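[1] Quick one: sequence plus predicted model below, questions after.
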Amino acid sequence: MGCCPLCLGPMLQFELQRLKHKDVRQRRMAVRRLFEIDDSTALTAFIELLEADDDWFVEKAIDAIRRWVDSSHRKEVVMLSVRSETRLRHLAAELSPRVGVEALPILSTLCSDTENSVRREAWKSRLKVDAGTIPVAIENEDHVIRKMATSHSGDTDILERMLSDEHLRVREAALDQMMSIGHSPALLNQLLDGPLRNKAAKLRLPLLIESGETSMIARLCTDPDSAMRNLIAKNLYDVDWLSWNDVVDAARESTDPLLLPQLLRSRREPEAAAIQHDLLLNGRPSSRARILEHLHGRPIPESILKLLPSLSEDSDLLIAQSASSLMADSRALETDA
């Protein structure tokens with residue numbers, strides 16, 4: 001329920017007095033009403049509740065501090081930063097950015113706190129307030145802090161350096177930042193064989209294609225997951241990759257039987273038809289089935305039409321059904337013609 005301006009003062013005073021009532025039920029009602037009134041002048045009274053024996057009141061005090069502390073409350077943040085309770089020092093670290101650059105001395109202390117969670121929160125806030133501290137943060141022994149610092153950096157030298165960090169999450173943060181600023185150095189090639197290969201490939205593939213580094217593209221074709229398969233197909237869609245023998249060979253021998261059929265899906269060249277023909281004769285069952293699936297609703301090369309009768313009797317039911325369906329489609333088109 002809202003409060004009119006004329007009655008807000010008296011109501012606030014009444015609830016602040018009730019906050020000291022000996023009956024705990026009255027005190028709890030006062031807390032709830034003060035949150036409804038939502039006047040930051042009640043902050044001092046809530047800070048006193050940090051000393052309460054009842055943890056419910058302590059938690060409400062923390063909620064009030066989190067709600068009402070602003071740039072004018074540096075003293076209150078300093079007070080929190082030297083408390084013995086970990087959660088209050090953590091709160092000080094969390095709220096410090098609201099104080100601005102005046103919080104830097106507070107954060108400098110909290111960045112060396114004995115508790116890991118406080119240190120991490122302090123570094124998180126410090127990086128928000130002062131980006132100039134990034135070179136210091138990337139040297140921290142805690143990989144979470146190095147990751148945060150890397151995520152705040154737009155310095156390409158720093159990002160390239162962090163690609164060699166010992167921790168995967170830091171390397172990933174560097175790669176994410178490079179993606180956000182469009183930085184794609186050749187150094188990323190070293191990630192194309194690791195756990196970050198898909199992200200690295202998203203950055204590098206267009207440049208590999210442009211520069212004709214087909215050996216690197218062929219490497220990506222050897223054992224792609226479904227995401228990599230889609231990425232390769234998207235980037236090669238309007239590229240004359242059929243003339244790149246190493247890429248064609250890698251796609252043929254790929255651990256992913258669906259890669260080559262997907263690459264061939266949009267191609268109409270005789271070379272593409274020849275590869276499809278070969279796959280239908282000698283390919284893995286899933287490759288053969290996908291080739292037939294992609295031919296539905298499209299002009300079918302004569303060489304493949306001749307294979308359909310024998311494929312319609314294939315021991316693989318899916319291949320046989322697809323071939324029979326294509327034969328029926330072909331006959332229907334001939335009748336219409």
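    That came through fine.
[2] which residues are contacting stretch 100-116?
    71, 74, 77-78, 81, 86, 89-90, 92-93, 96-97, 99, 118-119, 121-123, 125-126, 129-130, 142 (C-beta atoms under 8 Å, 6 or more residues apart in numbering). (Each C-beta comes from the backbone N, C-alpha and C, glycine too.)
[3] Just the buried ones from these?
    Buried subset of those (neighbour count, 16 or more other C-beta atoms under 10 Å): 74, 77-78, 81, 89-90, 92-93, 96-97, 99, 118-119, 121-123, 125-126, 129.
[4] Looks like Leu263 contacts Ala233 (just checking).
    Yes: counting by C-beta atoms under 8 Å, Leu263 touches Ala233, with 5.7 Å between them.
[5] Please say which of those two ends up with more neighbours.
    Ranked by neighbour count (other C-beta atoms under 10 Å), Leu263 and Ala233 place Leu263 first, with 23 against 18.
[6] centroid residue for this protein?
    Asp176 (8.0 Å; C-alpha atoms, centre = their mean).
[7] helix or strand for that one, which one?
    helix 168-181 (DSSP states H and E).
[8] list the buried ones in that helix?
    Applying 16+ other C-beta under 10 Å to helix 168-181 flags Val170, Arg171, Glu172, Ala173, Ala174, Leu175, Gln177, Met178 as buried.
[9] thinking again about what came up before, tell me the predicted confidence for the residue nearest to the centre of the chain.
    pLDDT recorded at Asp176 is 94.
[10] Could you double-check that it sits in contact with His152?
    No: with contact defined as C-beta under 8 Å, Asp176 does not count as touching His152 (11.6 Å).
[11] so Ser315, which of the three states?
    coil (DSSP: H, G, I helix; E, B strand; the rest coil).
[12] Distance check, it against Ala30.
    80 Å (C-beta to C-beta, to the nearest Å).
[13] Comparing these two, which shows the higher neighbour count?
    Under the neighbour definition other C-beta under 10 Å, Ser315 and Ala30 were set side by side, and Ala30 has more, 20 against 7.
[14] what are the phi and psi values for the more buried one?
    phi -60, psi -40 (degrees, to the nearest 10).
[15] Now it: closest residue in space, sequence neighbours ignored.
    Leaving out its chain neighbours, the residue that sits closest to Ala30 by C-beta to C-beta, 6 or more residues apart in numbering is Arg18, at 3.9 Å.
[16] In contact with the one you found: list those residues for me.
    Arg18 touches Gln26, Arg27, Met29, Ala30, Arg33, counting by C-beta under 8 Å, 6+ apart.
[17] distance of the residue nearest to the centre of the chain from Arg252?
    The gap separating Asp176 from Arg252 is 34 Å, by C-beta to C-beta.
[18] Check Pro299 too.
    Taken as C-beta to C-beta, the span from Pro299 to Arg252 is 24 Å.
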